[in-house]
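[1] sequence plus predicted model, see below.
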Amino acid sequence: MSLNENVIQRGKLLVHIAENGHSFEIECDEYTLVESIQQYLESLSGIRLSDQLLLYLDLKLEPQNPLSAYKLPSDDREIFVFNKSRMRSNAVPPGPEEVELFGNDYPDPQRPSSSSHDPHPLDEAPDPALKALPSYERMFRYHYQLGDAIYRRTVIKYETCERFAREQRVQEKALEIARGNLDHFYKMIFQNYTDFVKCYSQQQRTHSNLLVNFGRDLERLRSIKLIPVLQTPDRKCLLDFVKEDNMQKMVDDCTNSHRQFESKVGDFKQEFGELKQRTEHLFSSKASILSRDLERTVKEHEHHINEQKSIMQALSKDVGLVKKLVDDCLTSQLSNSLRPHDAVSALGPMYEGHDKSYLPKMQDCERAISNLLIFCKNKKTEMNIFVHKYMQKIAYIQYTIKDVRYKFSVFTEALKRQNDQFEHLKVVRGIGPAYRACLAEIVRRKASMKLYMGMAGQLAERLATKRESEIRRREDFLKVNSLYIPRDILASMGLYDTPSTCDVNVAPFDTNLLDIDISDLDRFAPEHLVGFSFKKGPSSMSQDGEDGSESGTENYNDFVEASELVEIAGTSKLEVENAKLKAELASTIAILCSFSPETEFEDSEIGNVLKNSAEKTAEALRLKDEHEKHLVNMLKLKQMQCESYEKRIKELENRLSDQYSLENKLNKDASSEPMDEASYASSSLLLKSGGNDSSGTMNPNLDSSMVEPTRDEKDEKETMVADVGMVLATSSTAEYMPPPLKSLTSDEQVKASDDDLVELQNLLTEKSNQLNETETKLQAAMEEVTRLVSELEISRNLLDESQMNCAHLENCLHEAREEAQTHLCTADRRAAEYTSLRASAVKIRSLFERLKVCVSSGGVASFAESLRALAQSLTNSANENGDDGINEFRECVRMLAEKVGMLTRQRAELIDRYTKTETSHEQLAKELEEKKEVVNTLYTKLQSEKQVNKEKISFGRLELHEIGAFVLNEAGHYEAINRNCTHYYLSSESVALFTDHLPHRPSHIVGQIVHIERQTVKSSPAQTPTMGSSELNPYGLSVGCEYFVVTVAMLPDTTIHSPTAAAS
């Protein structure tokens, strides 16, 4: 454990009472329990512990927790205490604010009447002016005392006003804390209400849709017939999936329940609306205006206090002045050197100013502060009532919030019950989408199976290719190394083994699927079965459908990624793409149908995703159709080209046939049949070599695809040329054949022209490349020129800016030179002044040194003589030096010497007076001792007189410590002598005390009362033998009469006389 953990956090906890704004500071530490704080507050504020509600910000302080649980105590944190008993609706509103003033502690002083009660030495002065000074002094002191009393009362009232303002600020903070606490709970309940209304609105809309469209849903299910394969005697249409017997009763029950619940929710909405209105109205009412107005008003009256302070300073100064005048007059009586008339004449206007200006102003200020106090008191009372009503409203709203919170659970349970009650109607609505989803799933599975089987075949072909490659590699290895290693050794090494074939066999699956295609969906399950509606606003969908759709889409995408438009064995790319699109469209339809039937797809994120998916699918199908049209157009074009080829071939065959018939007529021999074959091969060779006729010209009807054959066509042409060569080589009878030779000559010309064309193309390509390189270089040069031009422009701008900066710097330098010249002149002048001042300071210092020597000389007489000598020497040197400072110093020293001389003379006089005073003091001391003895004697006499006055006999209602007189009555009891109160009897113990030492009982007894016992005469139904009637009623009074038994003590110095002694 670290050192910081062992340190106990101590501090002062600032606690505010919300109902009246009072504040308390409590010394505590972090381990102090909240309950201890509450007990201490109960003794301070009078609020019971059970009625205390302690809040710190938005936290409620629990009694069993320590302060450390709330990070208390802390200097910048405050706790507010609310009285729960005041927050009840039947609580009594607070009364008017009571003001406890201490004005009686500072009453107005008594105005001085005459000088007889307070004699003054100047009262017997012969001069009338001197006689007036004591009265002025008394009145000035009275004015000061009166002003001081007024000022103190005013300050107390002003401090009370400030306290009211502070308490209002505390109450305002308390209201903010309470408002914040209420706002916290209100936001929570408002969020719960918003979620409930949102959920209810969705459910209500769904249920209303189910009820309104229930008949249409039944007709829709009745109109959709099942696929013939699925039809049974009991099930012909989709409506046969449910029992139609109790449907109408179920719909009626759901309708009644829906209406009742809608009515209950409407009442709940109205109740919450009233709660919301009250809360918003409460939050809109603010008490800060009252506090701000009061603080501003109190601040505006502060000048009255300042004005009274200034008046008190003036009165104090005047009292000091008149006291000084009186003292001076007393001194002047002895020295006869002061004229009192001037001083007395100056006191008249001052007295008039006190009586007519200062004191009335102070009284006006006191009245203004008194009015302010009344105003603050009224405002504080208004604030107390406002806080009381405000807290009552908060308590009522919190009670309503608790009630609403309890109702939430009830309505939530009702929502669940409503949802369960409408499940059967949802089943009716969901049959159609589920049926369409099943059919779409069949289409998707068939397309996926085709892709799956194709991928299996592709995998088998890929493995077979790998096996052939491995076999060839092994054969090459054995062919190379068998020359060096015997075959049996290689066989023993196992190097003659071959990889086995891999057969990819996929067991048949999904054999029971219905034979339907994507085009059959709308025929067997139309789209209106799904029943989606699109709106603008926040969308809501079933969570199960969403999860299922996401998982299905992810699985489907993972599967299709492996067959990304590859050409599977036995299947073209177009078929693979078509299967993929079918699977994707079917998957999208299944996803759409998997959502809740009551779901309303709206213009939101999920709806947009589904729309985008549908749009992408439609776009893919459109592109597929366009590609199919493009392929059809290409096939038509190729077909036209083939037809043109066939026409050309027929023409060539006809020409070759004509040539053959002509040659047959000329050379009739046995080689006619091979000639036919050779001519046919030559014609085929001419056809494949580019379609040239016998003259070597190209047929203009052939397109570019015939002029530039593909690689396969070139291979076929080479093969056919070889075959023609073989045919011609076998012919031994053909000695001269002009047409074939002519055809071969044209072929050579075509080859030569092709070579020239290729060479020209190569030359053109080379020149084009050179031209491109030149253009590239030119472009780079142009860019470089542009860059250099831009850099040149930037450099020109920088040069212009530099020139402007140089001109500006020259101006600044010129100004700096002028300023430096000015400063130099000023420095020279100040140096001259410093030189003169230093010379003067040196002289003054030398004079001060001389003065210091005079002061340090011992003795008062020597000090006066040295000062006089210094002043004389300075006077003699005045003619030599005319410096003003030295002249002033000389004058000061001269005046100082005169004052010191006068003080020396006064000192001698004072010493003489002190000696005389000592003598008179001793004489006065003796007289004082004598006076003390006289005073003691008089004091003793006064005490005795007071004792006598105190020992007067009481003849009224007897009280403790009073003196009572008791007279012996006829019954032999001592009864008290008084006027109105009877039945006071002396106790037997007191009678014994006074009569035991006397031979006879005295006729009266006087003593000091020490105890009074109150008793009542009681009746006894039967007297016991041991107790008589005298003991129950010793004084013979009536039953129920009240009497008193008094016990007295003897008085000091009291002599009791018997009757006989008195008679003698």
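    Structure's in. What do you need?
[2] what mean pLDDT does the lengthiest helix in the chain have?
    With secondary structure taken from DSSP state H, the chain has its longest helix at helix 738-856. Averaging pLDDT along helix 738-856 yields 78.
[3] give me the residues contacting the next helix or strand after that helix.
    Per DSSP states H and E, helix 738-856 leads on to helix 860-876 as the next helix or strand towards the C-terminus. Residues external to helix 860-876 that are found in contact with it (Cβ atoms under 8 Å, 6 or more residues apart in numbering): 847, 850-851, 853-855, 857, 886, 889-890, 893-894, 896-897, 900-901, 904, 907. The C-beta positions use only the backbone N, C-alpha and C, and glycine is treated the same way.
[4] and stretch 801-810, by the same measure?
    Contacts for stretch 801-810 (Cβ under 8 Å, 6+ apart): none.
[5] so what sits opposite residue 1049 in the bridge?
    Beta bridges link residue 1049 to residue 1008 when assigned by DSSP bridges.
[6] burial count for it?
    The number of residues packed near residue 1049 is 12, by other Cβ atoms under 10 Å.
[7] same check, this time on residue 242
    Neighbours of residue 242 using other Cβ under 10 Å come to 15.
[8] quick check: closest non-adjacent residue to it.
    Leaving out its chain neighbours, the residue that sits closest to residue 242 by Cβ to Cβ, 6 or more residues apart in numbering is residue 428, at 6.0 Å.
[9] ok, the one you found touching residue 221?
    Yes - Residue 428 lies in contact with residue 221 (Cβ atoms under 8 Å); the separation is 7.2 Å.
[10] re the thing from before, do you know how far the residue nearest to residue 242 is from residue 216?
    11 Å (Cβ to Cβ, to the nearest Å).
[11] now residue 43
    With Cβ to Cβ as the criterion, residue 43 and residue 216 are 77 Å apart.
[12] next one: residue 166
    Residue 166 is 74 Å from residue 216, by Cβ to Cβ.
[13] cool, and residue 59?
    Where residue 216 is concerned, residue 59 sits at a distance of 58 Å (Cβ to Cβ).
[14] residue 966 too?
    Separation of residue 966 from residue 216 (Cβ to Cβ): 118 Å.
[15] can you check residue 1007 too?
    Distance from residue 1007 to residue 216, by Cβ to Cβ: 118 Å.
[16] what's the answer for residue 642, then?
    59 Å.
[17] show me what stretch 206-214 is in contact with.
    Contact partners of stretch 206-214, identified using Cβ under 8 Å, 6+ apart, comprise 251, 254-255, 258, 418, 422, 425-426, 428-429, 531, 598.
[18] where does residue 970 sit: helix, strand or coil?
    At residue 970, secondary structure determined by DSSP: H, G, I helix; E, B strand; the rest coil is coil.
[19] what's around it, how many residues?
    With other Cβ under 10 Å as criterion, residue 970 counts 6.
[20] from here on, call the first residue 33.
    Got it, the first residue is 33 from now on, which makes the last one we talked about residue 1002.
[21] tell me the first helix or strand C-terminal of the one helix or strand residue 1017 maps to.
    Residue 1017 belongs to strand 1016-1018 when assigned by DSSP H and E. Using DSSP H and E, the helix or strand that directly follows strand 1016-1018 along the chain is helix 1020-1027.
[22] before we move on, back to that, and the furthest pair within the contacts of stretch 238-246?
    450 and 563 (21.0 Å; Cβ to Cβ).
[23] that older thread, okay, residue 75 and residue 248: which has more neighbours?
    residue 248 (10 against 7).
[24] is it true that residue 493 lies in a helix?
    Yes - under the criterion used here (three-state DSSP), residue 493 sits inside a helix.
[25] per-residue confidence at it?
    Confidence score, pLDDT, at residue 493: 86.
[26] same thing with residue 33?
    35.
[27] repeat for residue 639
    pLDDT recorded at residue 639 is 56.
[28] could you do residue 126 as well?
    We have a pLDDT of 86 for residue 126.
[29] check which helix or strand the residue lying closest to it once chain neighbours are set aside maps to.
    Computed as Cβ to Cβ, 6+ apart, the closest residue to residue 126 that is not its neighbour in sequence is residue 416, at 4.5 Å. Residue 416 belongs to helix 391-453 when assigned by DSSP H and E.
[30] return the list of helices and strands in contact with that helix.
    Packed against helix 391-453 by the contact rule (3 or more Cβ pairs under 8 Å, 6 or more residues apart in numbering; DSSP states H and E) you find helix 160-244, helix 279-316, helix 320-332, helix 334-367.
[31] and the angle for it with helix 160-244?
    Helix 391-453 runs at 10 degrees relative to helix 160-244, counting by axes from the mean of the first three to the mean of the last three Cα atoms, to 10 degrees.
[32] hmm, back to that, now the longest helix of the chain: how far from the chain's centre is it?
    Between the centre of helix 770-888 and the centre of its host chain there is 52 Å, according to Cα atoms, centre = their mean, to the nearest Å.
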